[in-house]
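Engineer: Got a predicted model here, sequence first, then my questions.
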Amino acid sequence: MKFSILATVPLLAFAAAYPSVIEERATDNTKVILSGIKTLETDITALDTQVKANPVNVINVQNAEQKVEKDITAIDNNVKSSSVVTAAESTQVYNEIKNNLQPKINTVLNDLVANKAKFSGVKSIVKTDLTKLNDQTGTLGKDFIAKAQGTAKTQAPALISAIQNKFKTAIAAFA
């Protein structure tokens with residue numbers, strides 16, 4: 001009994017002296033965030049399939065785009081509610097975005113611009129949707145950077161900027 005009390009006292013003293021260390025890990029959503037990014041990747045691929053469809057069904061494209069918006073919102077909510085993540089976790093999220101998500105975003109935006117003629121009757125809607133997705137991407141990026149650690153924290157701004165520049169190019173094509 002004495003041992004357990006003696007062992008507990010220093011732990012309690014540590015917890016009292018460094019509450020932020022314990023609080024920081026209170027809500028680790030890294031796995032949920034990574035899962036959300038993978039869902040987003042799948043939904044972007046589905047959107048790309050709709051963009052390249054011949055003939056294009058604008059309603060299907062709009063539905064797929066709205067699903068992507070919801071995915072981004074869900075990921076951002078999980079990022080905001082998460083504790084500060086470790087450098088290793090930050091790197092996992094960063095690598096998933098850089099190696100898998102960014103190429104899918106680039107592909108769908110390239111395909112959208114290449115198939116611009118199919119959307120001539122709804123250019124303003126496409127531009128509005130692209131603008132919203134770009135804004136959401138910026139917000140998600142900012143929120144991720146706020147929680148990230150290590151090299152991912154310093155490299156993420158350039159990655160988010162590159163993704164947003166790709167959106168801006170697509171937005172300009174539909175202006």
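Structural biologist: On my side now, so go ahead.

Engineer: which ones are touching the closest residue to residue 150 other than its chain neighbours?
Structural biologist: With Cβ to Cβ, 6 or more residues apart in numbering as the criterion, residue 150 has its nearest non-adjacent residue at 2.9 Å, and that residue is residue 87. C-beta: built from backbone N, CA, C; applies to glycine. Listed by Cβ atoms under 8 Å, 6 or more residues apart in numbering, the contact partners of residue 87 are 149, 150, 151, 152.

Engineer: neighbours of the residue nearest to residue 173 when sequence neighbours are not counted, just the number please.
Structural biologist: Nearest in space to residue 173, with sequence neighbours left out and distances taken as Cβ to Cβ, 6+ apart, is residue 113 at 4.6 Å. For residue 113, the number of neighbouring residues by other Cβ atoms under 10 Å comes to 17.

Engineer: Now the element after the host helix or strand of residue 113, going C-ward?
Structural biologist: Using DSSP states H and E, residue 113 maps to helix 102-114. Remark: after helix 102-114, the chain's next helix or strand is helix 123-147, criterion DSSP H and E.

Engineer: Now do the buried residues in that following helix.
Structural biologist: 126-127, 129-130, 133-134, 136-137, 139-141, 143-145, 147 (16 or more other Cβ atoms under 10 Å).

Engineer: go on, stretch 145-156?
Structural biologist: Buried residues in stretch 145-156, counted by 16+ other Cβ under 10 Å: 145, 147, 148, 152, 153, 155, 156.

Engineer: And those residues, which is closest to residue 45?
Structural biologist: Comparing the buried residues of stretch 145-156 against residue 45 with Cβ to Cβ places residue 156 closest, at 23.1 Å.

Engineer: Skipping adjacent residues, who's closest to that closest one in space?
Structural biologist: residue 145 (5.0 Å).

Engineer: Would you mind measuring from that neighbour to residue 37?
Structural biologist: In this structure, residue 145 and residue 37 are separated by 15 Å, where distance is defined by Cβ to Cβ, to the nearest Å.

Engineer: repeat for residue 99
Structural biologist: 11 Å.

Engineer: Which one's more surrounded, those two?
Structural biologist: The residue with the greater number of neighbours, taking residue 99 and residue 37 and applying other Cβ under 10 Å, is residue 37; the counts read 21 against 9.

Engineer: What's the per-residue pLDDT of that one here?
Structural biologist: In this prediction, residue 37 carries a pLDDT score of 98.
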